[in-house]
Structure formats: C-alpha cells, structure tokens
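Visitor: Just to be clear, the model below is a prediction. Sequence and coordinates:
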Amino acid sequence: MGPHLAVAAEAAFRSGASLQSQLLAHALKHTVRPLLHAWSHLPVDIFLPNLIEHAARLLPAPEGTRWRQVRLPHCPAEWVSGAGVTDRSGDNPSAILYLHGGAFLTCGLNTHRRLVSRISTASDRPVLNVGYRQMPHEPITESIADGLEGLRWLLGQGYRAEDITIAGDSAGGYLAFAVARAAIDAGLGRPAGVVALSPLLDFDPTGKAAHRNAHRCQVFSLKAVARLTDLTDRLDARRGVSGHRTNPVDMPLADLPPALLHVGSREVLLADAELMANRLVAAGVPCDFTVWDRQVHVFHAAASWVPEARAAIEEIGQFVQALDAAAQAPVARPAAESAADSSERDLQAVASR
C-alpha cells in the first residue's frame, strides 16, 4: 500500500457481517461484477437504456414516505419526507440535498427513493433528491451544476446553506463534495456537512491499483473503474471540459464543512475514502470515517433486509443531527476570544463525537 494511503484519519471499524450481507456480497460477486468487467473489455462504448431506473418504479417506498415532484432548470427532483418527518421549512429548519449514485451513467430518483426516505426518517430531515443529468448525454460538470441548482432551490424555500447537509452515494459522493465546493465558491454559503457513502472521489486509478483492495471488491473490477475514468476523460474532451473539472480529493478542502465517510472494507473505493479522510484531516476539517466489515458497495440501499445497512443509516442520522446540535449550542467564552476560536472549537466538538 502506497504511503499516500496510510490512514492518518482515525477510522472506526464496524466488525461483523451478517448472513444477509454475506449472501448479498456473494450474489453481487457472481452477477454484477462479471457483467461490469465484461463491459470494461468491450471495444466500443455501449450505453444501455437506464432500465434499472424504470424497473425501480415498481418498488414500494417505505411506509409513511411522502414525496412530490420538483422541477429544477435542467432536471427533475423530488421533495421526500420519511415517516413522521415534517417537510415545511418553517416547521423543520434543516434539510438534506441528496445526489444518487450510478457511475454517472444509471440510476435516478426511482432507484434511490427508498434509501432517501430512510435517511430522511433517521435524520428527521426532508430531502431533496436530485435526478441530475448524466453521461453519456452530459459531462460530470453538468451533473454538478444540477446539484448546485438543487441547493439554490432549497435556499429559495427559506433554508440557509448552513442548514443543509449534502449527501450522496458512489458517484453521488463525488457530487456531494463537488457541490459543497461549488456552493462555497459561488458565495452561497457553507453547507452544514457532507455525507459520502462508498464514494468515488478520485478518477486517477493509480491509488486504487496500489491498494490492498485492488482485486477484492465484490462489485467492481479495477478494469471497470479504469474504463469509467477513460469514458469521463473522453467525454470531457469532446465537450471542452478538460482541465476544468477537479476530483474532490484534489479540491481546496480547508473551508469545507464536517464530513462523514462510509465504505465497505473490501471495496476498491476504500482507497478513495482513505485518501479523502487523510486530506480532510490534514486540512483541519472534522471527518467521521467508518469502515464496515465486508459490506458491499452502497450496502445502505439494502436496509430492508441487511441489518448493517440499518445501523449505517442510523449513524448517518446521528451525524446530521449532531451538526445541528453543534451549530446551535451556546458557547461560553471570554469577551476577548475571537469568533475564529469559537468556530474552531465547535468543529472539534463534531469531530470528537
């Protein structure tokens, strides 16, 4: 393992893998992984219709879920409330912006409605689930732009940037950090926090190839990850984006809000999570980093029957609520103490949870 992957950020390791999670890992290893590996060897780019998103329309949402359609300038979105969650900004002053995964190529509002609803319930926050534009029709820069429009919509509903947590899984983890960065750079304010689940944060395959998990992942082969990198680079080049898109691990990080990272212990993307956690900590940003024993990529989506997924979602809810508690807690300090000193102590309180 290369020296840049040595973990300086203290990772919490959640040991144990239930029978349900082991069966899920076995099934994915012998179905999805071979298909993606075969795709990576095709001599030409083939993009199938987003069948999984259409099929997901048939899946019921958790009991008590409410949602309504929202139209952003260039894409659809949904305003989702889990069971018992108030969706009016006057009654619930905090919210979550969610950006789904799917390798920037697939999935959408239907595939992630159940996960979003459970996160809403666990955190007691309504969630704006954004169906951003995807490749091969649009480059990742447009996905980021749609996420930023989602944040602007929430601001228009009366939420402040510091009341909004940005969350996402897989490719959505990339977007969560990128949208937080874009919001700060655009002067919209600093979001409350970032939650990234099994995040893809670095398109450079070098670190992943040198990692102990290079060939252990139950879902992605290293070749499939490299093919995705090649695809994004070629689409960026065709659209004139080359040199204008920065991977989250290479972004300025010091002014980002506290972050929560979740990843499975055998995922190829553990390399990205470790690198990001290290760089956040080095930049002085509080980072909660949990590695889940033998859990698959975005195992959170299997919460209906995998107990570790339910535990992970509860941890997300606790993290989001702790952000509010830290922001609202009165701080007793001498009159001469600077506001910067106060802010630093608040951040440390979140980091030491």
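Guide: Ah, there it is.

Visitor: neighbouring contacts of whichever strand or helix holds residue 38?
Guide: Using DSSP states H and E, residue 38 maps to helix 32-40. Contacts to helix 32-40, defined as CB atoms under 8 Å, 6 or more residues apart in numbering, come from residues 46, 217, 218, 219, 220, 221, 223, 224, 226, 227. (Each C-beta comes from the backbone N, C-alpha and C, glycine too.)

Visitor: List the buried residues of it.
Guide: 33, 36, 39, 40 (16 or more other CB atoms under 10 Å).

Visitor: Which single one of those residues is nearest to residue 178?
Guide: Nearest to residue 178 out of these is residue 36 (CB to CB; 23.5 Å).

Visitor: can you give me how far stretch 277-289 is from the chain middle?
Guide: With CA atoms, centre = their mean, to the nearest Å as the basis, stretch 277-289 stands 16 Å off its chain's centre.

Visitor: try stretch 232-247
Guide: Taking CA atoms, centre = their mean, one finds stretch 232-247 lying 21 Å from the centre of the chain it belongs to.

Visitor: got JSON lines for the buried residues of helix 32-40, with pLDDT and distance to residue 171 too?
Guide: Shown next, in JSON lines, are the buried residues of helix 32-40 (pLDDT from 0 to 100; distance: CB to CB, whole Å):
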{"residue": "33", "pLDDT": "95", "distance to residue 171": "18"}
{"residue": "36", "pLDDT": "92", "distance to residue 171": "14"}
{"residue": "39", "pLDDT": "88", "distance to residue 171": "16"}
{"residue": "40", "pLDDT": "88", "distance to residue 171": "16"}
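
Visitor: In JSON lines: those, plus distance to residue 19.
Guide: Formatted as JSON lines, the buried residues of helix 32-40 follow (distance: CB to CB, whole Å):
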{"residue": "33", "distance to residue 19": "20"}
{"residue": "36", "distance to residue 19": "25"}
{"residue": "39", "distance to residue 19": "30"}
{"residue": "40", "distance to residue 19": "31"}
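
Visitor: ok, back up a step: so which of the contacts of helix 32-40 sit within helices?
Guide: Of those, the ones assigned to helices by DSSP state H are 223, 224, 226, 227.

Visitor: Any of those residues buried? List them.
Guide: The buried subset of the ones in helices among the contacts of helix 32-40 (16+ other CB under 10 Å) comprises 224, 227.

Visitor: Quick check: the farthest pair among the ones in helices among the contacts of helix 32-40?
Guide: The most widely separated members of the ones in helices among the contacts of helix 32-40, counting by CB to CB, are 224 and 226 (7.3 Å).

Visitor: Any idea how far apart the tips of stretch 179-198 sit?
Guide: From its first residue to its last, stretch 179-198 covers 17 Å (CA to CA, to the nearest Å).

Visitor: Residue 194 and residue 62, how far apart?
Guide: Between residue 194 and residue 62 the computed distance is 24 Å (CB to CB, to the nearest Å).

Visitor: Between those two, tell me which one has more neighbours.
Guide: Neighbour count, other CB atoms under 10 Å: between residue 194 and residue 62, residue 194 has more, with 26 against 17.

Visitor: Next, the more buried one: phi, psi?
Guide: phi -130, psi 130 (degrees, to the nearest 10).

Visitor: Kindly report the same for residue 55.
Guide: The phi/psi pair for residue 55 (degrees, to the nearest 10) reads phi -60, psi -30.

Visitor: I'd like the numbering to begin with 52 instead of 1 from here.
Guide: Happy to do that; since the first residue is 52 now, the last one works out to residue 106.

Visitor: Tell me which stretches of this structure form strands.
Guide: Shown for the chain, the strands assigned by DSSP state E span residues 62-65, 117-122, 127-132, 146-150, 178-181, 215-220, 244-248, 310-315, 338-343.

Visitor: among the contacts of helix 83-91, which two are most distant?
Guide: 97 and 269 (23.5 Å).

Visitor: Between those two, point out the one with more neighbours.
Guide: With neighbours defined as other CB under 10 Å, residue 97 and residue 269 compare such that residue 269 has more, 22 against 7.

Visitor: hang on, isn't that one packed against residue 82?
Guide: No. Using CB atoms under 8 Å, residue 269 is not in contact with residue 82; the gap is 10.3 Å.

Visitor: one step back: could the contacts of helix 83-91 be laid out in a markdown table, adding distance to residue 321 and pLDDT?
Guide: Compiled in a markdown table, the contacts of helix 83-91 are given as follows (distance: CB to CB, whole Å; pLDDT from 0 to 100):
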| residue | distance to residue 321 | pLDDT |
| --- | --- | --- |
| 97 | 29 | 74 |
| 268 | 9 | 96 |
| 269 | 12 | 96 |
| 270 | 12 | 96 |
| 271 | 11 | 95 |
| 272 | 15 | 94 |
| 274 | 17 | 94 |
| 275 | 16 | 94 |
| 277 | 17 | 93 |
| 278 | 19 | 93 |
